Structures are given as C-alpha cells and as structure tokens.
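>>> Structure, please.
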Amino acid sequence: MTRFFLLRHGETEWNRDGNKYCGRTDVSLSEQGIKQAEAAAKALKHVKFHAVFSSTLVRASATAAIISKEFGLPVIEDQRLVEIDFGKWEGKTVQMIEREHKDSWTDWLTNPAECFAGETGESASQVYNRIQSFFEEVSKTYPDKNVLVVAHNTVNRIAATQWFGLPFSHYRKIKMDNTGVSIIEYHGKGKASIIQWNSILHLL
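Model (predicted):
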C-alpha cells in the first residue's frame, strides 16, 4: 500500500477569468495560486514525504516546487499527470462550450469513456489509462511510503470516479478545489481507499 497525497494545482488566471478550460495550455499560477500553494506547504509540513511528483505543466510543477521546499525533495515531473486534452474547448468557459459546441458537449457528458473532449482531445478512458499506469508504477517503487502528487482538476476526478466505484460520466459531481488535499491509500491494480477528499482547511 502507498499513501498518495493528491492535489490540484493552485489557481491560475484562467481559473479566475470565468474558469476557462486550460487543458494542455500552459498557464502560470496567479498571485492567489502562489499563496494557496504556500498555505498547502504549511499544512503538509509535518508529513514525511518520500517523493514529490507533478504534471509537466507549469501550474502543477510550480505548485509542487513551492510545497516540496518544505521537505527538501526534488519535483519529479511525469507526463502521465498532465491535464486532459480539451481539444477545441481549450480557453473556453463551460457557457461558451455549451453555446458553441452543444452536440459534442452533450456527447461528452453522456459518454466520456468513448467520446473525445473538445472533439479532437482525449477520452476519459485514455486519461484513466495513463494516470492508472502512473499510480501502479509509483506504488511499486514506494511501497508503504507517503508520496505527494500535484496534478489537475479533470485528470484527478476521472481517476477518482474509479476509486469511488462510479462511471466516468459522474466525474463532474466530484469537487476538487485549487490545492485541495486528498489522501488515497493505493493497493494496486486500480484498487484504492479514499481517506480524505478535497480538504481546504488550509485556505480558510
């Protein structure tokens, strides 16, 4: 069993600006996002981590770098943790997507396992397969250890649907705030126990 502390990155300017879909667009942290990461670092400083991983996108790697300073650990970037490719929806709000891409949005909400986000992006199954590969590999490398992982809103929630025993189409019912802290005990082969989900006490 490996205990993963799973976070969403800190706030970006796109999150502030109507919560635009960032996806693969490499958007930096806002000033508020930096403060959120610093608050998360203080909240987690008493945990003994053995490794820190992040997505290769700067909003995640910068969040991880701020937190990892508390532990003196390097940030290991992993492409499997990057946010879902939102295709034609990149840079748009949900309201814009509903208006401009009504059919593909409806298809995605109904069957994300097979439909591609933004028509040209990824399916939920593709996202889950890569993040599942990450958890499987890291859990074997760090058995019985604490591992910090900083990734993204949609990627984290798609993985969570399987841990909660839900279909992919329920991922939008799972909330994950910027730097919200979730704790998962991963047992291998996709099996996990949710110890804590989306704690934001450090932001209050």
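>>> Just want the most central residue of this structure.
Residue closest to the mean C-alpha point of the chain, counted by C-alpha atoms, centre = their mean, is H152 at 2.5 Å.
>>> In terms of pLDDT, where does that residue sit?
You'll see H152 listed with a pLDDT of 98.
>>> can you give me the helices for the chain?
13-16, 31-44, 58-68, 94-100, 102-110, 124-141, 153-163 (DSSP state H).
>>> Out of the ones you listed, flag the one nearest Q79.
helix 124-141 (8.1 Å; C-beta to C-beta). Yep, even glycine has a C-beta here, placed from its N, CA and C like the rest.
>>> tally of neighbours for the nearest residue to the residue nearest to the centre of the chain once chain neighbours are set aside?
Residue nearest to H152 in three dimensions, not counting chain neighbours: E83, with 3.7 Å by C-beta to C-beta, 6 or more residues apart in numbering. Using other C-beta atoms under 10 Å, E83 is surrounded by 26 other residues.
>>> Who are the contact partners of E83?
Listed by C-beta atoms under 8 Å, 6 or more residues apart in numbering, the contact set of E83 reads C22, G23, R24, S55, L57, A151, H152, N153, T154, V155.
>>> mind checking the backbone torsions on it?
Note on E83: its backbone torsions stand at phi -70, psi 160 [degrees, to the nearest 10].
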